[in-house]
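*Asks:* Mind folding the following:
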Amino acid sequence: QVQLVESGGGSVQAGDSLNLSCKFSGGTFNNYAMGWIRQRPGNEHEFVAGVRSTNEMSYYANSVKGRFIISRDNSKNSVFLRMSNLKPEDTAVYYCAATRYTGRTSYTEYDYWGQGTQVTVSS
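*Replies:* Predicted coordinates:
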């Protein structure tokens, strides 16, 4: 069974940067496209960023494009999210997620999720 464990959340000031990590286990990592999904307070889940299984292509929500970078290291079964120029509206629980299908930009299309890590951005 696929398991995902996030780390790296925390509380920062607006304009700061933060790196999230996610460790994958229980399957063949490079068979899965990976994504980050978040849930802001009072809102439903939303797709943030995704990366293909071979790290050749990444895709982003418009709200984070140019500020967030997703990457993966298949040798370490890990996926990362580099968040820069953080804004208070980026405050959310961030989930690492996996899907067998590449290019998915809806949170409903991800089959496996981690437990989430809190990111809080204050102004």
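*Asks:* Report how many residues lie close to Ser17.
*Replies:* 11 (other C-beta atoms under 10 Å). Heads up, the C-betas are built off the backbone N, CA and C, glycines and all.
*Asks:* Give me the spatial nearest neighbour of it, chain neighbours excluded.
*Replies:* Using C-beta to C-beta, 6 or more residues apart in numbering and skipping the chain neighbours, the partner closest in space to Ser17 is Ser84 (4.6 Å).
*Asks:* how about the one you found, what does it touch?
*Replies:* 17, 67-69 (C-beta atoms under 8 Å, 6 or more residues apart in numbering).
*Asks:* try 10 Å
*Replies:* The contact partners of Ser84, taken as C-beta atoms under 10 Å, 6 or more residues apart in numbering, are 15-19, 64, 66-69.
*Asks:* Then Gln118?
*Replies:* Per C-beta under 10 Å, 6+ apart, neighbours of Gln118: 6, 9-11, 91-94.
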